[in-house]
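Visitor: Whatever this is, show me its structure:
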Amino acid sequence: MSRSASRANPDAAADTASAGHRRLRRPLLLALALLATLLALWFREPLQYRLVATAVLRNPAPTPDQVETLIDQAPNPRTALLAAWNSDRIVHRQVAVRHLPRVLPHEQPLPPELETLLLGAALDPDLNVRQTALSLLQQRRHPAHPALAAAQLRDPDPELRVLGASHFRFGTSVGVPTVLPILLDPDPLVVTAGLKLLEHWSGQDFGVKLREAAALNHPQTGAIETRAGGEAKASAGAERARAWWNQRQNEFPPVALELPAAALASRRPLPAGDFQLRTLEGRKVRLADYRGRVVLLHFWTTWCPACLTGMPTLVALQNSRTNSLTILGVSLDLVPDSHGHIGGHPVAGEREAIEEEHGHRESRAAARQRAREKVVRVAASQRLNYPVLLDERNEVGGRFNGGELPTTVILDAQGYVRRRFLGTRSLPVLEALVTEAALPLPSP
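Guide: Residues are numbered from 1 along each chain as shown. The predicted structure follows:
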């Protein structure tokens, strides 16, 4: 069409231009759609991972397997491990420290952020975390390991003092003057651990065998206690060791093992968060209701012998700290096990009686009621003077990894975790730990 014709028929010219634009736009849209599809396929897996990672990190009570998968499948496992640690959640932090050798083998140097993590973990409120961190520092022959092991020797918990002694495999000049003070320890197991170290360094025999000072209390409880006569033997051995020291102390100048500044600076408050459970009487209880008081959480079940053997001590502790301490017993009896059973494994003959009463298969509602009644009976027989809460969905037990029974968590008046440990403790030890929780958090 000529230029004059175009001027004469502007509508025709516009239609022609529009058709051309449409022809150009169609392949452009197809190209954009293809590019969007490729980008969606390319980023789908990272996007899925980010969604899963966000859900796991925000979940206060994931399973350890979920946190491990989060780290293993991360594009950058180190970043994921640090995110789990910095979530300030019990399960995440336990997995992060335990998983560190898989992310960074021992032969590789520690980057600063992971070194800081490990040093702080050796002073953690969670005994499980401390144990793992000290072992990793020992395996790496980290220069801060001796000072961090020595710090455990001054802890109010005798199990941590024994842990520190078990890690104190250093030269004689450092070891002897550092370990000698624990010969005056009130716990015979700690004294015996110190004696065995001094025997190794000095070549002397102080006449005490480890098996003479301690034994397993019961195959079912696993609780360690002093064997009859063990305390006297440990004391006699310590006296012989001090006599040896009086003759040789000039050979050992004083040693000062200072904690690394990075370990002290990395410590920060570990918030417990809040939760709400019902008591055996059906009353709702919130953890936040007890702000301003030290709180001790005791996770237990009726079929855990060690849980039951420690209850009289908790009753005595509550009686002695009525105005400053609240103990909350958290029963996990109603949490189904991996087979879906509620109430634990019945003793011999109990399953048959249950089936005879309720039919071949007991309903879940009946099982829950039976478990609840058992908790009521045990609480009454133990004369518990503190509330018992029913954690039916493992919401609180999962948060504190309370399935390792018995688990004790001590919170300070501001709601921060000051201690988490497994097993039973004596009344003097619990009183010392509660007193510690009433003090301000140590400054970095």
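Visitor: remind me which residues of this protein are low pLDDT?
Guide: Counting by pLDDT under 70, the chain has low-confidence residues at 1-45, 47, 211-228, 339, 344-362, 444.
Visitor: The same query, at a cut-off of 50, please.
Guide: For the chain, applying pLDDT under 50 flags the ranges 1-6, 38-39, 41-43, 216, 218-221, 347-349, 352.
Visitor: ranges for the strands of it?
Guide: Per DSSP state E, the chain carries strands over the ranges 214-216, 224-226, 276-279, 284-286, 294-300, 325-331, 388-390, 407-411, 417-422.
Visitor: do you know which of those lies nearest residue 186?
Guide: strand 224-226 (11.1 Å; Cβ to Cβ). (C-beta placed from N, C-alpha, C; glycine too.)
Visitor: Return the set of residues that bridge with residue 416.
Guide: Beta bridges link residue 416 to residue 271 when assigned by DSSP bridges.
Visitor: Against residue 291, how distant is it?
Guide: According to Cβ to Cβ, to the nearest Å, residue 416 and residue 291 sit 11 Å apart.
Visitor: Between the two, tell me which one has more neighbours.
Guide: residue 416 (17 against 14; other Cβ atoms under 10 Å).
Visitor: From what I see, that one and residue 441 are in contact.
Guide: Yes - Residue 416 is in contact with residue 441 according to Cβ atoms under 8 Å; the separation is 6.8 Å.
Visitor: Need the overlap of contacts for those two.
Guide: Shared contacts of residue 416 and residue 441 (Cβ atoms under 8 Å, 6 or more residues apart in numbering): residue 269.
Visitor: Domain map for this protein?
Guide: 46-125, 145-258, 276-437 (automatic domain parsing).
Visitor: Report the contact partners of residue 167.
Guide: When contacts are counted by Cβ under 8 Å, 6+ apart, residue 167 touches 134, 135, 138, 145, 149, 152.
Visitor: Count the residues that sit near the residue nearest to residue 205 when sequence neighbours are not counted.
Guide: Leaving aside its sequence neighbours, residue 205 sits nearest to residue 199 (Cβ to Cβ, 6 or more residues apart in numbering; 6.2 Å). For residue 199, the neighbour count with other Cβ under 10 Å is 16.
Visitor: before we move on, the earlier item: distance to residue 267 added to the domains of the chain, as CSV?
Guide: As requested, the domains of the chain are exported to CSV (distance: least, Cβ to Cβ, whole Å):
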stretch, distance to residue 267
domain 46-125, 6
domain 145-258, 12
domain 276-437, 11
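Visitor: looking at the ones you listed, which is closest to residue 268?
Guide: Taking these one by one with Cβ to Cβ, domain 46-125 is closest: 8.0 Å.
Visitor: That closest one: end-to-end distance?
Guide: One end of domain 46-125 to the other measures 34 Å (Cα to Cα, to the nearest Å).
Visitor: Mind jotting down where the helices sit in the stretch 301-444 of the chain?
Guide: Using DSSP state H, counting those that start in this stretch, the helices of the stretch 301-444 of the chain run over residues 305-309, 311-320, 350-358, 364-381, 395-399, 427-437.
Visitor: Of the ones you listed, which is nearest residue 405?
Guide: From those, taking Cβ to Cβ, the stretch that ends up closest is helix 305-309, at 5.6 Å.
Visitor: Can you name every helix or strand that that closest one contacts?
Guide: strand 294-300 (3 or more Cβ pairs under 8 Å, 6 or more residues apart in numbering; DSSP states H and E).
Visitor: and the angle for the strand it packs on with helix 364-381?
Guide: 120 degrees (axes from the mean of the first three to the mean of the last three Cα atoms, to 10 degrees).
Visitor: So what are the sheet partners of strand 294-300 and their directions?
Guide: strand 325-331 (parallel), strand 407-411 (antiparallel).
Visitor: can you list those strands in TSV and add mean neighbour count and distance to residue 85?
Guide: Shown next, in TSV, are these (neighbours: other Cβ atoms under 10 Å; distance: least, Cβ to Cβ, whole Å):
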stretch	mean neighbour count	distance to residue 85
strand 325-331	23	25
strand 407-411	24	19
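Visitor: among those strands, which is nearest residue 49?
Guide: Relative to residue 49, the nearest member of the strands paired with strand 294-300 by Cβ to Cβ is strand 407-411, separated by 31.4 Å.
Visitor: And the contacts of that closest one?
Guide: Taking contacts as Cβ under 8 Å, 6+ apart, the residues outside strand 407-411 that touch it are 272, 287, 294-299, 397, 400-402, 417-422, 425, 433-434, 437.
Visitor: tell me how far that strand is from the chain's mean position?
Guide: Strand 407-411 sits 10 Å away from the centroid of its parent chain (Cα atoms, centre = their mean, to the nearest Å).
Visitor: same deal with stretch 117-134?
Guide: 9 Å.
Visitor: same check, this time on stretch 188-200
Guide: 28 Å.
Visitor: Sort out which residues of that stretch are buried, please.
Guide: 188, 189, 190, 191, 192, 193, 194, 195, 196, 197, 198, 199 (16 or more other Cβ atoms under 10 Å).
Visitor: from these, which ones fall inside helices?
Guide: The helices, defined by DSSP state H, take in 188, 189, 190, 191, 192, 193, 194, 195, 196, 197, 198, 199 from the buried residues of stretch 188-200.
Visitor: Rebuild those residues as CSV, extending it with distance to residue 233.
Guide: Listed next are those as CSV, based on distance: Cβ to Cβ, whole Å:
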residue, distance to residue 233
188, 8
189, 12
190, 14
191, 10
192, 8
193, 14
194, 14
195, 10
196, 13
197, 17
198, 15
199, 14
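Visitor: Now flag whichever of those is closest to residue 309.
Guide: Checking those against residue 309 with Cβ to Cβ, the nearest one is residue 189 at 17.5 Å.
Visitor: correct me, but that closest one touches residue 157?
Guide: No - in this structure, residue 189 is not within contact of residue 157 by Cβ under 8 Å, at 11.9 Å.
Visitor: For residue 402, see how far away residue 66 is.
Guide: Residue 66 is 17 Å from residue 402, where distance means Cβ to Cβ.
Visitor: what's the answer for residue 118, then?
Guide: As judged by Cβ to Cβ, residue 118 and residue 402 stand 25 Å apart.
Visitor: before we move on, what about residue 341?
Guide: Distance, residue 341 to residue 402, by Cβ to Cβ: 18 Å.
Visitor: contacts for stretch 387-402?
Guide: 60-64, 89-91, 94, 128, 273, 275, 277-280, 285, 297, 299, 328-335, 368, 372, 375, 379, 403, 407, 409, 420.
Visitor: okay, residue 66 and residue 402: which has more neighbours?
Guide: Counted by other Cβ under 10 Å, residue 66 and residue 402 do not tie: residue 402 has more neighbours, with 27 against 16.
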